[in-house]
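Undergrad: build me a model from this:
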Amino acid sequence: MFTEVGRWLDARTSRAGDWLPEAVLAAKGDHRVSVVLPARDEERTVGEIVGRIRRDLRERLPLIDELVVIDSCSTDATARVAADAGAQVVHQNAVLRGYGLLPGKGDALWKALAVTTGDLVVFIDADLRNFGTHFVTGLLGPLLSDPSVAYVKGCYDRPLADGTAAQPHGGGRVTELVARPLINLHWPALAGFIQPLAGEYAGRRAVLEEISFVTGYGVELGLLVDLLGRVGLDSLAQVDLGVRVHSHQPIEALGRMAGHIMLTAWSRLEREGRLVTADPPNGRIAQVRRLGNGRRLHVSDVGVHERPPLITIPEYASGARLMPERRQP
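TA: Below you'll find the model as predicted:
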């Protein structure tokens, strides 16, 4: 198995620098490209990212046809900042309201797919502090150059700053401690993905609309596993985007993320018929917090909820316009 992984790693890993913007534009042809940023309380970074994409990849080079920010119930000025920078802002809870409201990044991505029109869709996290438009062109390069590639994942170095010094490769703690062991145990064909939980990736709509989206932090792992089963390893690729700098979550938040990812893996193993149990896993995580001189128990929901393949949603399958007519307050 790992011989196959090594072969894939050599054949399907490239660098962002291999895909120059002008060459990517020349390869675009009749493709329509949508770029989506899911954002929750990212007023400090979303404007810079949107502005650079608009200036470099819409005004200077006509590569991007659609630039959408999905505002995921922000309590700050994320929506206003994104709109001022040139994005079309859509509020997560305003899309497909008849299917209920679910929190989480995965739900925002699913709804972004529903309201955009590109046959190629690029997803970029909105908390990047060192964003460059090579993130977008790098992800698009393999899709535009090779029709057999269905999905492209970003990879990078993730430094971890602890207040006194930066560890060049110290980021990605949940990746290394939870996601990578799970992948190697159960889906070793995916072991060559350097950043399996990366929030930067791109895919063909025709493939993405046929798979379900976990609504929480397990969405990236769920997409990888489901795409492996649907299109096979050779239709997946990754691009080295250099260095990714973003805000780091506290350890308690990382624990909740780990819970989402573990339960996502559990759900896929059940779906594949590889795990049978009489009792479902607990969908909540209890964490002990210090309170003065004592401690108290804090319980969070980390249960896995999923949105079905968009192609099964009648409104979407019919080709009806799903973009809300007005921005919601």
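
Undergrad: may I have stretch 178-190 as PDB, with CA atoms only?
TA: What follows is stretch 178-190, C-alpha atoms only, in PDB (Å, rounded to 0.1, in the frame of the first residue of the first chain):
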ATOM      1  CA  VAL A 178      -5.600  12.600  15.500                       C
ATOM      2  CA  ALA A 179      -6.200  12.800  11.700                       C
ATOM      3  CA  ARG A 180      -3.000  11.200  10.500                       C
ATOM      4  CA  PRO A 181      -3.200   8.200  12.800                       C
ATOM      5  CA  LEU A 182      -6.800   7.600  11.800                       C
ATOM      6  CA  ILE A 183      -6.000   7.800   8.100                       C
ATOM      7  CA  ASN A 184      -3.000   5.400   8.400                       C
ATOM      8  CA  LEU A 185      -5.200   3.000  10.400                       C
ATOM      9  CA  HIS A 186      -8.200   2.900   8.200                       C
ATOM     10  CA  TRP A 187      -7.500   4.700   4.800                       C
ATOM     11  CA  PRO A 188      -3.800   4.300   4.300                       C
ATOM     12  CA  ALA A 189      -4.200   5.200   0.600                       C
ATOM     13  CA  LEU A 190      -4.600   8.800   1.800                       C
END
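
Undergrad: tell me how far it is from the chain's mean position?
TA: 18 Å (C-alpha atoms, centre = their mean, to the nearest Å).

Undergrad: hmm, who's touching it?
TA: Stretch 178-190 is contacted from outside by 1-2, 4-5, 8, 191, 193, 196-197, 221, 224-225, 228, 233, 258, 261-262, 265, 268-269, 274, using C-beta atoms under 8 Å, 6 or more residues apart in numbering. From N, CA and C alone the C-beta is placed, and that goes for glycine too.

Undergrad: okay, buried residues for it please.
TA: Within stretch 178-190, the residues that qualify as buried are 178-180, 182-183, 186-187, 189-190, counting by 16 or more other C-beta atoms under 10 Å.

Undergrad: out of those residues, which sit inside strands?
TA: Among the buried residues of stretch 178-190, DSSP state E puts none in strands.

Undergrad: nearest to Val299, of those residues?
TA: Val178 (19.8 Å; C-beta to C-beta).

Undergrad: same for the longest helix anywhere in the chain, what does it pack against?
TA: Among the segments of the chain that qualify as a helix by DSSP state H, the longest is helix 251-271. Helices and strands touching helix 251-271, as assessed by 3 or more C-beta pairs under 8 Å, 6 or more residues apart in numbering; DSSP states H and E, comprise helix 173-174, helix 180-186, strand 213-214, helix 219-231, strand 284-291.

Undergrad: who are the packing partners of the helix or strand harbouring Val69?
TA: Element membership for Val69 (DSSP states H and E) is strand 66-71. If you count contacts as 3+ C-beta pairs under 8 Å, 6+ apart, strand 66-71 packs onto strand 33-39, helix 46-54, helix 78-85, strand 88-91, helix 105-115.

Undergrad: can you put these in TSV and add mean pLDDT and mean neighbour count?
TA: Shown next, in TSV, are the helices and strands packed on strand 66-71 (pLDDT from 0 to 100; neighbours: other C-beta atoms under 10 Å):
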stretch	mean pLDDT	mean neighbour count
strand 33-39	98	27
helix 46-54	98	22
helix 78-85	98	20
strand 88-91	97	21
helix 105-115	96	26
